[in-house]
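Trainee: need coordinates for the following:
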Amino acid sequence: MLPSHRLLSPILRWCSLLALAGIVLVSCQPTAQQTAAPPTKQSLEATSDSDLVVMARANNIIVCAALYERAKVAFKNAQWDRALDLTAGMATAPTSKTEHTHLRVRSRTMRSVIFAGQIEGNMALAEAYGQGADKTKNPQFKSAYQRLQNDALQAAAHAAVGLAETAHLIAPDGKTSKSEPLEFTIPPSDDPGTIAALVRVKEGGWIEPDQQESAAAASLRKGMDQALAEVVSGDLAKARTVFADGPANINGAPYVLFLAAKLADGAVVFDRHHTRDPQKLKMLCDEGQETLTAVQALLKATPEKDKEKEVQKLQDKFKTILKNG
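Mentor: Numbering: from 1, shown residues only. The predicted structure is shown next:
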């Protein structure tokens, strides 16, 4: 039996009052945004890398600065991939806020040096294992070294694409700044010099898995040292001096010439003697030519004969790489 009309009206009014009270109660509760305390340097120290990366998407300057500082520590500890992960978001962020600009630019320049070092180090590994595979008479050694050669080439290819993407951000449409801020705390220790394990590999001898890991780490470290030396147009000792007191502004022309030279090295990774990827080879060459356009624009304002000769040499190099494929 349904309730009468007279009974139903008070019930409806009572339900309406309850609903209204609920709405008022909810609306009076403070939101999470209102109650959450702003992040501080101390509160961020215990935050994981992945959480910090997510937090940085909100573009909070304190979080972004903490993320960049963590990337600098990773670089100092030779944790190259971790430094890349930490700077990925900042490097590509299209923010126009002044306080974020220096973090964005330094993230890009840091990544450019890491990618350049990874290309150098992995290509040296690939060359060593390729020679070892050709030299050894043991079919098991040959198979293992061919696999390691391929792994190194794939790592170099990944770094080459990363460098091209970073160079495009630094010198879009053939334009760049008159100077670029770089900031590194160079890992301690001396140049590893000749890597004994890789000498043995080139002769066709076998090295154990733990030696393979050590050789890979040493080769990457050597490649990174070379990139740091080249970016300051000197050697590792000069690089240590340049970056000893913190950030250093590098003139735009020599820095972008460094990028172009490393893009040429990266393009070689994709030629017919290595990974055989003509599309990526052309992409690297095109990006390299675009960076050279940026150098020419800078040299037009401040002519330097030696730099102009370097531009011409690199232009010829890109043409040769494209021709030989």
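Trainee: what packs against the helix or strand where Val54 lies?
Mentor: Per DSSP states H and E, Val54 falls inside helix 49-56. Judged by 3 or more C-beta pairs under 8 Å, 6 or more residues apart in numbering; DSSP states H and E, helix 49-56 is in contact with helix 61-76, helix 80-92. All C-beta spots, glycine's among them, are computed from the backbone N, C-alpha and C.
Trainee: could you dump the ones you listed to a markdown table with mean neighbour count, distance to Leu314 and mean pLDDT?
Mentor: Conversion of those to a markdown table gives the following (neighbours: other C-beta atoms under 10 Å; distance: least, C-beta to C-beta, whole Å; pLDDT from 0 to 100):
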| stretch | mean neighbour count | distance to Leu314 | mean pLDDT |
| --- | --- | --- | --- |
| helix 61-76 | 19 | 27 | 89 |
| helix 80-92 | 20 | 24 | 92 |
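Trainee: turn those helices into TSV, columns for distance to Ile195.
Mentor: Shown next, in TSV, are the helices and strands packed on helix 49-56 (distance: least, C-beta to C-beta, whole Å):
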stretch	distance to Ile195
helix 61-76	21
helix 80-92	17
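Trainee: how about low-confidence regions in the stretch 101-250 of the chain?
Mentor: Regions of the stretch 101-250 of the chain meeting the criterion pLDDT under 70 cover residues 188-192.
Trainee: what segments of it are helices?
Mentor: 139-170, 196-202, 209-231, 236-242 (DSSP state H, counting those that start in this stretch).
Trainee: now do stretch 286-303: everything it contacts.
Mentor: Stretch 286-303 has contacts (C-beta atoms under 8 Å, 6 or more residues apart in numbering) with 164, 167-168, 170-171, 173-176, 178, 252-253, 256-257, 259-260, 263-264, 267, 307-308, 311, 314-315, 318.
Trainee: inside strands: which ones of the residues you listed?
Mentor: Secondary structure defined by DSSP state E assigns none of the contacts of stretch 286-303 to strands.
Trainee: among these, name the buried ones.
Mentor: 164, 167, 170-171, 176, 252-253, 256-257, 259-260, 263-264, 267, 307, 311, 314-315, 318 (16 or more other C-beta atoms under 10 Å).
Trainee: and Glu183, backbone torsions?
Mentor: phi -150, psi 120 (degrees, to the nearest 10).
Trainee: now do Glu304
Mentor: Dihedral angles (degrees, to the nearest 10) for Glu304: phi -140, psi 110.
Trainee: how about it, what does it touch?
Mentor: Here Glu304 is in contact with Ala253 (C-beta under 8 Å, 6+ apart).
Trainee: that one and Val199: what is the separation?
Mentor: 40 Å (C-beta to C-beta, to the nearest Å).
Trainee: Lys262 too?
Mentor: 26 Å.
Trainee: swap in Arg240?
Mentor: Distance from Arg240 to Val199, by C-beta to C-beta: 27 Å.
Trainee: between those two, who's got more neighbours?
Mentor: Arg240 (16 against 12; other C-beta atoms under 10 Å).
Trainee: from what I see, that one and Pro187 are in contact.
Mentor: No. Applying C-beta atoms under 8 Å as the test, Arg240 and Pro187 come out as separate, 10.3 Å apart.
Trainee: give me the residue at the spatial middle of the chain.
Mentor: By C-alpha atoms, centre = their mean, the chain has its centre lying nearest to Arg111, at 3.3 Å.
Trainee: what's the neighbour count on the closest residue to that one other than its chain neighbours?
Mentor: Nearest residue to Arg111 in three dimensions, chain neighbours excluded: Thr166, at 5.0 Å (C-beta to C-beta, 6 or more residues apart in numbering). If you count neighbours by other C-beta under 10 Å, Thr166 ends up with 26.
Trainee: check Glu45 too.
Mentor: The burial count for Glu45: 9, using other C-beta under 10 Å.
Trainee: tell me the pLDDT of it.
Mentor: Model confidence at Glu45, expressed as pLDDT, equals 78.
Trainee: then the one 10 residues further on?
Mentor: With respect to pLDDT, Met55 scores 84.
Trainee: contacting residues for the residue lying closest to it once chain neighbours are set aside?
Mentor: Leaving aside its sequence neighbours, Met55 sits nearest to Val63 (C-beta to C-beta, 6+ apart; 4.8 Å). Counting by C-beta under 8 Å, 6+ apart, Val63 touches 39, 44, 52, 55-56.
Trainee: from Glu183, how far out is Val63?
Mentor: Using C-beta to C-beta, Val63 is found at 18 Å from Glu183.
Trainee: do the same with Gly132
Mentor: For Gly132 relative to Glu183 (C-beta to C-beta), the value is 38 Å.
Trainee: neighbour count winner among those two?
Mentor: A side-by-side neighbour count of Gly132 and Glu183, using other C-beta under 10 Å, places Gly132 first with 25 against 18.
Trainee: Val53 is in contact with Asp85, correct?
Mentor: Yes. Taking contacts as C-beta under 8 Å, Asp85 lies within contact range of Val53: 7.3 Å.
Trainee: which of the residues in stretch 280-295 are buried?
Mentor: 280-285, 287-295.
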